[in-house]
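Asker: Here's a sequence, model it:
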Amino acid sequence: METKDSKRMNRRAFLKALGDGSARLAGASAIAGTVAALAGCGPKHREGTAAAPGEVSTDKMTYRTNPHTGDRVSLLGYGCMRWPTRPRSDGKGDEVDQETVNELVDYAIGHGVNYFDTSPVYVQGLSERSTGIALSRHPRDKYFLATKLSNFSNYTRENSLAMYRRSLEELQTDYFDYYLLHSVGGGTGIPLVRARYFDNGMMDFLLREREAGRVRNLGWSFHGDVRVFDYMLSLDIPWDFVQIQMNYADWRHAQGRNVNAEYLYGELEKRNIPVVIMEPLLGGRLTRLNDHLVSRLKTRRPDQSVASWAFRFAGSFPGVLTALSGMTYMEHLQDNIRTYSPLEPCSEEEFALLEETARMMLEYPTIPCNDCQYCMPCPYGIDIPAILLHYNRCINEGNIPHSRQDGNYRKARRAFLIGYDRSAPRLRQASHCIGCGQCTPHCPQSIDIPQELHRIDDFVERLKQGTL
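Answerer: Numbering: from 1, shown residues only. Next comes the predicted model:
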C-alpha cells in the first residue's frame, strides 16, 4: 500500500523491535521506582489542551492508496461520533452545534483530511444529518464518505432497508464510498451476525448495491468474539476493507471481549485487506496517562503531544488505510493533522517504549469505557459515560483512596466527591441504577455496566460516610 512516508515498518519488523527494544529500555527505566510514581496525582486538563503548538501544514498530509480502488485516502480520518453539541433553545435536550461542525469540516478538508466516518446512531442519531450538511458544502469528489448499517435492535429487512435509504438522504449523497456492517462480533456472536445481515437478505442487497456502484467499498467493523472475525473472513465474499480497534495498548493487551490487534491486523494483512483503525486513542485514555508515563514520552519528544504517540503507532503499519479520530475540538484536529503532515513512523525503540507503556498501564486498570455513547440514553436518566470516565480520571490522577489510613485520603476523597457531582448531576448518578441491564448488550467493550455502576455507587457511599 503506497504512502507519502518513505520509512515504513512491517509487522515482522515491529515484532522484532518489541523483542530487541524492550531489553534496551529495561535498563534505562527505573522499574523499581515506577509503582510509587504511577500513583501520583496530576492536574486535571481537558483532553487535547496539551497538544503541541506549531504550524499546521495544508499540503503535507500523508495519504494511503486503497489497492483495490486506487482511492488516495488521508491517513487521518474524521470520526463523526463526537460532534460538539449545545443545549436546545427550547430546553428539550441537546442539538449539534452545526456552525462549529462546519468550521471543523472546512478546516479538515482545507488541511488534507478527506475521509469522514459516521453512523445512523452517532450523537444520539444526529451525526449523519449534521455531517451531510457540512460535507454537502464541498464538491463530492473532494472527500470519501463512510457510514454503517447500525441495525442493532431491529434488524428486519424492512427496517434495515429503511436505515440504508435514510442514510443516503441524511448525508445528501447518491452513493457511499465506504459502507460497513456495524459492530460485528457482539451479542450472541455468529447467530446474531447471521440474523442482522444474512438471514434477512441484506448481504445480498448490499452486494448488488456494490455492483451498481452505490456502495463503492463494502466492509465491516469488528468488536468482540474472535470467532465472528474468523467467520467473516472465511466467507466467500471479497471484502474491500475492515475496521478494527487498534492502538498500542490493544496491540497485545486487549481487555474484556476485545481481541489483540496484533492478531486482527495480521490476518487482514495476509489477505491484503485494507485496515481502517478506530479507537487509536482508546477512547481518549491514551491521552490521559498518569504523570510518570507522560514524562517518559515527553522526555523523548518534548515538543509533541501525548496523543501524537498513539497516532504515530497507528500510522506506522503500511496496511492501515486511515486512522479515525473523533475530534470535537479544533486543537485536537490541529494536533492530529500535525502528526500526519507528514507521518514520521515509530522507530524500533519507540515501538518498544509504547509496549512497555501499555504493560505499565495494566498495573492501574481502568474501566474500558471509550465514551462511544452506545449505552445511552439510559431509561432511568443515568449518565453512564460521565460516571465511568470520572472514575477512570481519578484513577489516573491518584484520587482513589483505598482506606482512611492513606496519606492523601482527605485530598483524594474531596477531589473524587466534588468531581463526581460536577461530572454527573445527582439525579443522573449511579445510585439510580436498578440493574435492568438494557445498556450492557450495546457496549462494544463488553463492560458489565450495572455491576460497575453499583460498585462505584458503593464506593461513593463509603466515601461519604467515612467508612472506607
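Asker: For the chain, just list every one of the strands.
Answerer: 63-65, 72-74, 76-79, 85-87, 94-96, 115-117, 144-149, 178-184, 218-222, 241-245, 275-278, 320-325 (DSSP state E).
Asker: Would you give the sheet partners of the fourth one, along with the direction of each?
Answerer: Under the criterion DSSP bridges, strand 85-87 sits next to strand 94-96 (antiparallel) in its sheet.
Asker: next one: the last one
Answerer: Based on DSSP bridges, the pairing partners of strand 320-325 within the sheet are strand 76-79 (parallel), strand 275-278 (parallel).
Asker: which one of the ones you listed is the most hemmed in?
Answerer: Comparing the strands paired with strand 320-325 by mean neighbour count (mean count of other C-beta atoms under 10 Å), strand 76-79 comes out on top with a mean of 27. C-beta: built from backbone N, CA, C; applies to glycine.
Asker: Distance check, residue 322 against residue 241.
Answerer: 9 Å (C-beta to C-beta, to the nearest Å).
Asker: tell me, what's touching these two both at once?
Answerer: Each of residue 276 lies in contact with both residue 322 and residue 241 under the rule C-beta atoms under 8 Å, 6 or more residues apart in numbering.
Asker: okay, those two: which has more neighbours?
Answerer: residue 322 (32 against 25; other C-beta atoms under 10 Å).
Asker: Surely that one touches residue 114?
Answerer: No. The criterion here is C-beta atoms under 8 Å, and residue 322 misses it with residue 114 at 9.1 Å.
Asker: tell me, what's touching these two both at once?
Answerer: Counting by C-beta under 8 Å, 6+ apart, the shared contacts of residue 322 and residue 114 are 73-74.
Asker: In this structure residue 168 contacts residue 174, no?
Answerer: Yes. Assessed by C-beta under 8 Å, residue 168 is found in contact with residue 174 at 6.6 Å.
Asker: Compare these two and say which is more crowded by neighbours.
Answerer: Neighbours were counted for residue 168 and for residue 174 using other C-beta under 10 Å; residue 168 has more, 16 against 9.
Asker: Name the residue most distant from the centre of the protein?
Answerer: residue 405 (37.7 Å; C-alpha atoms, centre = their mean).
Asker: export the strands of the chain to JSON lines and tack on mean pLDDT and distance to residue 446?
Answerer: Shown next, in JSON lines, are the strands of the chain (pLDDT from 0 to 100; distance: least, C-beta to C-beta, whole Å):
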{"stretch": "strand 63-65", "mean pLDDT": "98", "distance to residue 446": "30"}
{"stretch": "strand 72-74", "mean pLDDT": "98", "distance to residue 446": "30"}
{"stretch": "strand 76-79", "mean pLDDT": "98", "distance to residue 446": "21"}
{"stretch": "strand 85-87", "mean pLDDT": "95", "distance to residue 446": "27"}
{"stretch": "strand 94-96", "mean pLDDT": "95", "distance to residue 446": "27"}
{"stretch": "strand 115-117", "mean pLDDT": "99", "distance to residue 446": "22"}
{"stretch": "strand 144-149", "mean pLDDT": "98", "distance to residue 446": "19"}
{"stretch": "strand 178-184", "mean pLDDT": "98", "distance to residue 446": "11"}
{"stretch": "strand 218-222", "mean pLDDT": "98", "distance to residue 446": "13"}
{"stretch": "strand 241-245", "mean pLDDT": "98", "distance to residue 446": "12"}
{"stretch": "strand 275-278", "mean pLDDT": "98", "distance to residue 446": "16"}
{"stretch": "strand 320-325", "mean pLDDT": "98", "distance to residue 446": "21"}
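Asker: what about the ones you listed, which gets the closest to residue 375?
Answerer: Taking C-beta to C-beta, strand 178-184 is the member of the strands of the chain nearest to residue 375, at 12.9 Å.
Asker: what residues does that closest one touch?
Answerer: Strand 178-184 is contacted by residues 115, 117, 119, 121, 144-152, 193, 196-197, 206, 209, 215-224, 228-229, 232, 240-241, 243, 276, 444 when judged by C-beta under 8 Å, 6+ apart.
Asker: Show me how far it is from its chain's centre.
Answerer: The chain centroid and the centroid of strand 178-184 are separated by 15 Å, computed with C-alpha atoms, centre = their mean, to the nearest Å.
Asker: and that strand, C-alpha only, in CSV?
Answerer: Extracted in CSV, the C-alpha atoms of strand 178-184 (Å, rounded to 0.1, in the frame of the first residue of the first chain):
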residue,chain,number,x,y,z
TYR,A,178,-17.3,3.1,2.2
TYR,A,179,-20.2,1.2,3.8
LEU,A,180,-19.9,-1.1,6.9
LEU,A,181,-21.8,-3.8,8.7
HIS,A,182,-21.7,-2.1,12.1
SER,A,183,-20.1,-3.7,15.2
VAL,A,184,-19.8,-7.3,14.1
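Asker: What strands flank that strand, and is each parallel or antiparallel?
Answerer: Strand pairing for strand 178-184, determined by DSSP bridges: strand 144-149 (parallel), strand 218-222 (parallel).
Asker: Now do it against strand 241-245, angle only.
Answerer: Strand 178-184 and strand 241-245 meet at an angle of 40 degrees, taking axes from the mean of the first three to the mean of the last three C-alpha atoms, to 10 degrees as the criterion.
Asker: Low-confidence stretches in the protein?
Answerer: Residue ranges of the chain with pLDDT under 70: 1-53, 364.
Asker: At the geometric centre of it, which residue do we find?
Answerer: The centroid of the chain falls nearest to residue 279 when counting by C-alpha atoms, centre = their mean (2.3 Å).
Asker: how near is that one to residue 131?
Answerer: In this view, residue 279 and residue 131 are 19 Å apart by C-beta to C-beta.
Asker: Check residue 118 too.
Answerer: Applying C-beta to C-beta, the value for residue 118 to residue 131 is 5 Å.
Asker: what residues are shared contacts of those two?
Answerer: Listed as contacting both residue 118 and residue 131 by C-beta under 8 Å, 6+ apart are 80, 171.
Asker: Flag every buried residue along stretch 448-463.
Answerer: Buried residues in stretch 448-463, defined by neighbour count with 16 or more other C-beta atoms under 10 Å: 449-450, 452-453, 456-457, 459-460, 463.
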